[in-house]
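Participant: need a 3D model of the following:
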Amino acid sequence: MRLLVMADTHLPTRARDLPAEVWAAVDDAHLVVHAGDWVDVSLLDLLEGRAARVVGVHGNNDGPALRARLPEVARVDLGGLRLAVVHETGPAHGRERRCAAAFPDTDVLVFGHSHIPWDTTAESGLRLLNPGSPTDRRRQPHCTYLTAVVCDGALVDVTLHRLPRAASRSASGPAIAT
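Facilitator: Numbers count the residues shown, from 1 in each chain. Predicted coordinates:
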């Protein structure tokens, strides 16, 4: 099962649309995971209409329309891989310990909020992934997103994709309504 993992898209405030490369990854994925801060419900509508499957949560910048449709924490079993998604996990210091305690029955925790890519494993075996942002790099050198594969209950081939700076500013897929 091919996964596309993203967060902090902030559409249309930080970009008009997702970059073409990300839309291509949507088309290739069996599951799109979004860890919050969509900002406008239009992106959720577009992803649900285009992606094979979407699992997402709301973030701190998401208003009532998104909060009505998305949970604060999402959990899904992907062929034996227990995946959870949340927007915020708190400060980087102590993150693995806190998240292992908060998500004891989880194999992989996807989170967002910081716009900083993150890939670590807690002592408990919990893997923590933050894809960064495909549209708002903040203080990072690149906008980013992740792809991965679930095979026999394990997460494999986790790849951080770095987007060219111009890609994050261009409209390339369906336009997001403002």
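
Participant: distance of the residue lying farthest from the centre of the chain relative to Leu83?
Facilitator: No residue in the chain sits farther from the centre than Glu123, which is 23.1 Å out by CA atoms, centre = their mean. Distance, Glu123 to Leu83, using CB to CB, to the nearest Å: 19 Å. Backbone N, C-alpha and C define where each C-beta goes, glycine included.

Participant: what of Thr89?
Facilitator: 15 Å.

Participant: tell me the SS of the closest residue to Thr147 other than its chain neighbours?
Facilitator: Nearest non-adjacent residue to Thr147, counting by CB to CB, 6 or more residues apart in numbering: Thr159, 5.1 Å away. Here Thr159 is recorded as strand under DSSP: H, G, I helix; E, B strand; the rest coil.

Participant: what about Thr159, how many residues nearby?
Facilitator: 10 (other CB atoms under 10 Å).

Participant: please read off the pLDDT at it from the model.
Facilitator: Looking at Thr159, its pLDDT is 98.

Participant: identify the residues contacting it.
Facilitator: 146-148 (CB atoms under 8 Å, 6 or more residues apart in numbering).

Participant: same question, Arg138
Facilitator: Neighbouring residues of Arg138 by CB under 8 Å, 6+ apart: 115-116.

Participant: and it, what's its pLDDT?
Facilitator: 88.

Participant: in a helix, it, correct?
Facilitator: No: counting by three-state DSSP, Arg138 falls outside a helix, being coil.

Participant: start the count at 24, not 1, going forward
Facilitator: Let's use 24 as the start, then, which means that last one is Arg161.

Participant: do you know how far it is from Ile139?
Facilitator: The spacing between Arg161 and Ile139, counted by CB to CB, is 8 Å.

Participant: where does pLDDT dip in the chain?
Facilitator: Within the chain, the segments meeting pLDDT under 70 span 189-201.

Participant: show me where it has its helices.
Facilitator: 43-51, 64-73, 87-92, 118-125 (DSSP state H).

Participant: now distance to Gly79 and mean neighbour count too, for the ones you listed, in a markdown table please.
Facilitator: Shown next, in a markdown table, are those (distance: least, CB to CB, whole Å; neighbours: other CB atoms under 10 Å):
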| stretch | distance to Gly79 | mean neighbour count |
| --- | --- | --- |
| helix 43-51 | 13 | 17 |
| helix 64-73 | 7 | 17 |
| helix 87-92 | 9 | 14 |
| helix 118-125 | 19 | 16 |
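
Participant: how about Leu101, what does it touch?
Facilitator: 24, 54, 173.

Participant: 7 Å instead?
Facilitator: 24, 173 (CB atoms under 7 Å, 6 or more residues apart in numbering).
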